[in-house]
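*Asks:* could you work out the structure for the sequence below:
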Amino acid sequence: MLARRVLELNFSRRSFSLFTRRLQDNKFLSPKEFEEKEALKRAQDESFKQSLLNKDFDVKPKIKPPASSPPLNVELLQYKPLRLPPTHGHQVAKLKFRGYNEDHLTRASEFAARAAFYLGIPCSRPKKMKTERRLYTVIKSPFAQAKTKENFLRITYNQELKAYDANPEVIDLWLSYINKNSVEDVKCSAEITTRESLDFATTLDEMTASDMKFPEAYEDTSDPIAAKVRDLLQSKQFKQHF
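*Replies:* The predicted structure is shown next:
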């Protein structure tokens, strides 16, 4: 009980000393003194504001801008791919991208969309499809740890891109360019839609090897696939088996 009383006395003594010090520091001001103090503060603020407005600041950038700006197509890589509006809405190709890395999948689909814009092909936005998740459970080892199971989860991401209202030769050139600059761990498959006349089967039966010609879109290109197609069309074996 004695120790408790001592603590209470010390606490009361400490609070009394702080209270007296606070009263000494913050004394009450009369209305006239308060108005003079506020007027002085407003005058100081106004003088400081005027000094900032009248002062000339010499700001020098720490990083110097490049002498020549990058090309427009390089700057556009920071934004979403540009798209051309479809004229008739006829679907001519549909690309499907599959991969295990979502970032690489987005890069491949956006690259295809940018290439379509520069080739004049109207296309849709890269659309995310259903993500596939598969869980595989296997034994850890065939003998010593046969009762121990081990799980492996495989996540496959899918995206889709549709092209509209384009010439078949331009579509072939676009797919060849995408295949040439494809991402390593992304699988791309194309579904091409063509429109033919009603007598297409008869025309195809009457066609000979001499009627097969190289597409005009590949005439001035250095694509290795185009060169292989040209050699195949001009070979004797193709004309013999046609």
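*Asks:* so the residue most central in space within the chain is in which element?
*Replies:* Nearest residue to the geometric centre of the chain (C-alpha atoms, centre = their mean): T106, 6.2 Å. Assigned by DSSP states H and E, T106 falls within helix 102-118.
*Asks:* over to A93?
*Replies:* Going by DSSP H and E, A93 is in strand 91-99.
*Asks:* what residues sit buried inside that strand?
*Replies:* Along strand 91-99, these residues count as buried under the neighbour rule (16 or more other C-beta atoms under 10 Å): Q91, V92, A93, K94, L95, F97, R98, G99. C-betas here are computed from N, CA, C, even on glycine.
*Asks:* name the nearest of the residues you listed relative to A227.
*Replies:* Of all those, A227 sits closest to A93, with 22.7 Å by C-beta to C-beta.
*Asks:* gap between the closest one and L40?
*Replies:* In this view, A93 and L40 are 77 Å apart by C-beta to C-beta, to the nearest Å.
*Asks:* can you check K187 too?
*Replies:* Counting by C-beta to C-beta - K187 and L40 are separated by 76 Å.
*Asks:* off-centre distance for stretch 200-209?
*Replies:* The gap between the average C-alpha position of stretch 200-209 and the chain average comes to 46 Å, counting by C-alpha atoms, centre = their mean, to the nearest Å.
*Asks:* quick one: average confidence on it?
*Replies:* In this model, stretch 200-209 has a mean pLDDT of 78.
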